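*Asks:* whatever this is, show me its structure:
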Amino acid sequence: MDDALRIGIVAGLMTLLLLMGLALRPSEPEAEEPLPVAEVVQEEDCAVIQDLTLEMLDPVYSEKAVFDDGLIRASFDVAQSADGIESGLSLWLHNSTDDAIVVHWDLCSFQLPDSDTVNIVHEDQAGEFAEWLPSTLTLGPGGDLFTTIYPIGDVEMLEGWCGSFGVLTEGPFSFVLAIEGGGTCAERYLVYYPFRFVVR
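*Replies:* Next comes the predicted model:
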């Protein structure tokens with residue numbers, strides 16, 4: 001093939017590519033209108049909730065307030081709002097045995113940060129049928145209980161039990177849980193769990 005012919009073919013291809021590129025080139029974009037700027041409104045008196053947690057000090061230390069001894073597994077927590085820490089202690093209790101266990105509510109107590117020891121009420125004792133509730137609760141093998149426990153002097157009846165605020169943050173406090181375990185009647189026994197906590 002002749003060199004002049006080769007140069008002509010390459011020049012023709014280059015011209016064709018140049019024309020195709022010009023034809024496919026996008027047109028100039030239209031000027032866009034600026035987006036409206038949102039007006040920033042500054043909130044005044046914004047309440048910041050301090051992030052406090054419940055720690056178990058006794059019978060074993062637990063940063064997450066969890067206890068397990070083979071008879072029970074217990075997990076505790078406190079409710080927090082803009083008003084502070086409520087004086088109720090949330091309890092999840094699990095029966096870890098193959099036998100029924102019994103919670104004896106009338107044998108449980110709170111020892112508040114000021115060392116004042118008081119009886120407890122739990123959230124199931126609210127409402128019109130509270131006077132007919134037994135003072136014990138039986139959990140079957142593997143059973144779970146979810147409730148909130150209040151020191152009796154620090155609750156009021158609104159729509160359900162409502163605790164006061166700030167009591168449990170004044171220092172370490174204790175909750176004694178009374179559990180009856182064992183198999184047959186002759187083997188039954190009562191265990192007191194003196195849980196001690198601090199909110200910080």
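*Asks:* any low-confidence regions in the chain?
*Replies:* In the predicted model of the chain, residues 1, 22-23, 25-50, 126-132, 153-163, 166 satisfy pLDDT under 70.
*Asks:* now do the strands in it.
*Replies:* Residue ranges of the strands in the chain, as given by DSSP state E, are 54-58, 66-68, 72-81, 84-95, 101-104, 109-111, 117-118, 120-122, 136-139, 144-151, 155-158, 160-163, 173-181, 189-199.
*Asks:* which one of these lies nearest to Leu13?
*Replies:* strand 72-81 (75.6 Å; C-beta to C-beta). C-betas here are computed from N, CA, C, even on glycine.
*Asks:* got a list of contacts for that closest one?
*Replies:* 49, 52, 54, 56, 64-68, 85-86, 88-96, 101, 148, 168, 175, 177, 179, 193, 195, 197, 199 (C-beta atoms under 8 Å, 6 or more residues apart in numbering).
*Asks:* that strand: which residues count as buried?
*Replies:* Applying a neighbour-count criterion of 16 or more other C-beta atoms under 10 Å, one finds 72, 74-78, 80 buried in strand 72-81.
*Asks:* for the residues you listed, give me a markdown table that also has distance to His122.
*Replies:* Formatted as a markdown table, the buried residues of strand 72-81 follow (distance: C-beta to C-beta, whole Å):
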| residue | distance to His122 |
| --- | --- |
| Ile72 | 16 |
| Ala74 | 14 |
| Ser75 | 16 |
| Phe76 | 13 |
| Asp77 | 15 |
| Val78 | 15 |
| Gln80 | 20 |
